[in-house]
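1. how does the following fold in three dimensions:
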Amino acid sequence: MIQDTPADLPDIVVTAARLPPAASEAAFSVVRIGEERLSRETRLDEALRSVPAVSLFRRTSSLAANPTTQGISLRAIAPSGAGRTLVTLDGVPLNDPFGGWVIWSQIPTESLSGLDIVRGAGAGPYGAGALTGVIALRERDSSGGALELSGGELGGQRLGAATTLTAGRFSLTGALQREVSDGYTPVRGPAAGAVDTPLDPETQSGSLRLDASLAVDVALSLRASAYDEERGSGLLGARSSASGESYSATVSRAPNTDRLGWRAQLWRRTSDLANTSVAVAAGRGSTTPANDQFATPAEGWGWNVAVRRTAVAVGTGQLEWEVGADARFNEGETRERFRFMGGAFTRDRIAGGETSVVGAYGEASWTGGPWLVAGGLRIDGWENAAGRRLERDRATGLATLNETDPDRSGEVISARLAARRDLGGGWAGRAAAYSGFRPATLNELHRPFRVGNDLTEANAALVPETLQGVEVGLSWNDDATEVQATVFWNRLDDAIINVTLGVGPATFPRAGFVPAGGVLRQRQNAGTIKAAGLEASVTHRIDDRLSLDAAVSLTEAEVDGGVAAPQLTGLRPAQAPEISASAGSVWRATDRLTLVGRVRYEGARFDDDLNSRTLDEAVTLDARAEWMVRDGVIAFVAADNLLDAEVEVSETGDGVEGFGPPRVVRAGLSLRW
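-> Presented below is the predicted three-dimensional model:
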């Protein structure tokens, strides 16, 4: 029997299980990137580069970067291969459980509805790892979809797609991405030799998310994803690969004026990394195998719960509060073959351990008249356990090194406090103080690695980095223009830095032989880094056809090595430019033609801790022309690094420079429905 549906039954809106942004965010430095800008970028990390001082460790994109250098940092305080920024997707951490870096190819831009960049140490709901801030990604949950097909120079081909299908109380969101390229060679010109080969990436990823409306405002999300990538490392015989899977379950209820909102989330991630490195002969005529890291299995899992109350009348204003707890557990190990002699590897290595962080927090914000006051406090317990390093002779099976690291643990209290006041006439001022921390990754604790002739040793004795900071901001906006400026001061204690210990050719304990032109470094808690800076941005919409934006970041950062590394005192952190800036425009020239341009500038930076290897300043220009074939269908031509600028991204001990990608032109078709 068919029954009529009651006329007053409310429509069911199926969305992802997430809590809405907290009111307190308006008191902090937040940059939002929307779906329109994301739709014009093929890689997520490149979309983030429109914000000055936000970049991967070696200022190159994930198209070329080794997985171990894809950590991202906000502000040019002290970039790191592991990254000093927490990256989340609807609350689930995306940072690798072994290394802390982020494999950016796992998230196609088509799958996102937007993202928020929260600059400054994140206490409260963000927790461990949010040392210089948080990048919070939001996955799409509206009906419809997006598809992009493109191809171009260097054999580049890309497919990216995402769509959401809805039926009653259920919806299914899927996304996939595949990109291949013949790649470019980083060492070019007279310095290049027979050993210099292209960076030829092949990446693919996919995800599925099932959303269900369980009751009014109660949502359930089940998500699964996987990624796989393989790439050359720019040297003959050196390659890397990375793969992983992620699963999460989230249930939430949105808060309103009458009831509590809450969220409970459980997640699990696995990853694996393989990386081969080589020693480079003088003249770059040949390479010799140096290390075969054939597997790095790792697993991370965790949970988080939060309860939020909004619109509680307090005095002349309204109070919003949130309390919660979260936990993250990681375990993994590196499995390697090394010490290449007589045409074969002669040693095996297994090294790894476990890390965990468990914390609880409380956050609150009060809005009354022109004022917004927000604060948060959290306490975390961290532990490094089961650390081990075993090295064996492959011929005899006897141990040449057998170490068991003592377990280490501690507690960290972090907090943040901010106030914002509307000053009238579109003006607003704000001030904030905060602290945060980042525990060392399994990679930093246990995995030695090699790049060319440079060796870096692990350090199982590392303790968490901590950061304290203050900032003051001023903003103005009207219907067409928004201007923001922030002045900040940060102090990073127990900074984890790759510290130079010696220069080759020489043989060192544990590390072994370092060839000529190479150096030996070790990860150390090397004192304190102090940084002061200015961030400013402006966006202006001239009319419905033309909009402009510009932003700049100025940062003065200096290391105080103390007794741990006195040779670093007075130097600038590696890979931290003093100035970076970007400017862009979107011009709808006709009803069908849109022209987009963006110029980026980065000042000189140092490639190493001793400031002996200087990477020159660089200016790049990207351009894109779009032709609307019909509603929802756009044909485009894009040129990355249009002026073919030489962007120096690395320098060896004997002065050989590596560069970012040359000019690359590509064309494609984008569909939105």
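2. now the strands for the stretch 551-673 of the chain?
-> For the stretch 551-673 of the chain, the strands defined by DSSP state E, counting those that start in this stretch occupy 579-588, 593-602, 605-606, 614-615, 618-630, 633-640, 648-651, 657-659, 664-672.
3. what is the rounded mean pLDDT of the third one?
-> Per-residue pLDDT over strand 605-606 has a mean of 93.
4. tell me, what's the model's pLDDT at the residue nearest in space to the middle of the chain?
-> Compute the mean C-alpha point of the chain, and by C-alpha atoms, centre = their mean the closest residue is Ile72, 3.7 Å away. Ile72 carries a pLDDT score of 84 in this model.
5. so what sits opposite it in the bridge?
-> Leu56 (DSSP bridges).
6. Trp321 now?
-> Arg309, Ala364.
7. do the one 10 residues further on as well
-> Counting by DSSP bridges, Glu331 forms beta bridges with Glu299, Glu354.
8. what is the burial count for it?
-> 19 (other C-beta atoms under 10 Å). All C-beta atoms are positioned from the backbone trio N, CA, C, and that covers glycine.
9. what do you get for the one 3 residues further on?
-> Under the neighbour criterion other C-beta under 10 Å, Thr334 is assigned a count of 25.
10. picking that back up, and the strands of the stretch 551-673 of the chain: which comes nearest Ser61?
-> Closest to Ser61 of the strands of the stretch 551-673 of the chain, according to C-beta to C-beta: strand 633-640, at 8.7 Å.
11. touching the closest one from outside, list them.
-> 150, 152, 620, 622-629, 661, 663-672 (C-beta atoms under 8 Å, 6 or more residues apart in numbering).
12. and if you look at stretch 600-609?
-> 49, 55, 59, 497-500, 519, 521, 526, 559, 565, 568, 571-582, 612-622, 650-651.
13. tell me how far that stretch is from the chain's mean position?
-> 19 Å (C-alpha atoms, centre = their mean, to the nearest Å).
14. and stretch 195-205, by the same measure?
-> Centre to centre, stretch against its chain (C-alpha atoms, centre = their mean), the figure for stretch 195-205 is 20 Å.
15. how long is that stretch from one end to the other?
-> Distance between the two ends of stretch 195-205: 31 Å, counting by C-alpha to C-alpha, to the nearest Å.
16. begin at 596 from here
-> Got it, first residue is 596 now, which makes that one stretch 790-800.
17. from Val1007, how far off is Ala741?
-> 41 Å (C-beta to C-beta, to the nearest Å).
18. neighbour count for those two, which is higher?
-> Ala741 (23 against 20).
19. looks to me like the more buried one is in a strand.
-> Yes: per DSSP: H, G, I helix; E, B strand; the rest coil, Ala741 lies within a strand segment.
20. residues touching it, list them.
-> By C-beta under 8 Å, 6+ apart, the neighbours of Ala741 are 634, 705, 755-758, 1265-1268.
21. which of these fall in helices?
-> Among the contacts of Ala741, the subset assigned to helices under DSSP state H is empty.
22. can you select the buried ones from those in PyMOL?
-> Selection of buried members from the contacts of Ala741 for PyMOL, criterion 16 or more other C-beta atoms under 10 Å:
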select buried, resi 634+705+755+756+757+758+1265+1266
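23. let's have the contacts of Ala741 in JSON lines, adding pLDDT and distance to Ile628.
-> Shown next, in JSON lines, are these (pLDDT from 0 to 100; distance: C-beta to C-beta, whole Å):
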{"residue": "Ser634", "pLDDT": "89", "distance to Ile628": "11"}
{"residue": "Glu705", "pLDDT": "95", "distance to Ile628": "14"}
{"residue": "Gly755", "pLDDT": "97", "distance to Ile628": "17"}
{"residue": "Ala756", "pLDDT": "97", "distance to Ile628": "20"}
{"residue": "Ala757", "pLDDT": "97", "distance to Ile628": "17"}
{"residue": "Thr758", "pLDDT": "96", "distance to Ile628": "21"}
{"residue": "Ser1265", "pLDDT": "96", "distance to Ile628": "18"}
{"residue": "Leu1266", "pLDDT": "96", "distance to Ile628": "21"}
{"residue": "Arg1267", "pLDDT": "94", "distance to Ile628": "17"}
{"residue": "Trp1268", "pLDDT": "92", "distance to Ile628": "22"}
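24. now flag whichever of the contacts of Ala741 is closest to Ala1023.
-> Using C-beta to C-beta, the contacts of Ala741 come closest to Ala1023 at Ser634, 29.6 Å.
25. which among the contacts of strand 1228-1235 count as buried?
-> Buried, going by 16+ other C-beta under 10 Å: 745, 747, 1215, 1217-1221, 1256, 1259, 1261, 1263, 1265-1266, out of the contacts of strand 1228-1235.
26. pop out the phi and psi values for Ala618.
-> phi -60, psi -30 (degrees, to the nearest 10).
27. neighbours of it, how many?
-> Count around Ala618 with other C-beta under 10 Å applied: 18.
28. repeat that for the one 5 residues further on.
-> A count of neighbours around Phe623, defined by other C-beta under 10 Å, yields 22.
29. pretty sure it contacts Ala1027?
-> Yes: look at Phe623 against Ala1027 with C-beta atoms under 8 Å: they come within range, at 5.7 Å.
30. any shared contact partners between the two?
-> In contact with both Phe623 and Ala1027: 715, 1011, 1013, using C-beta under 8 Å, 6+ apart.
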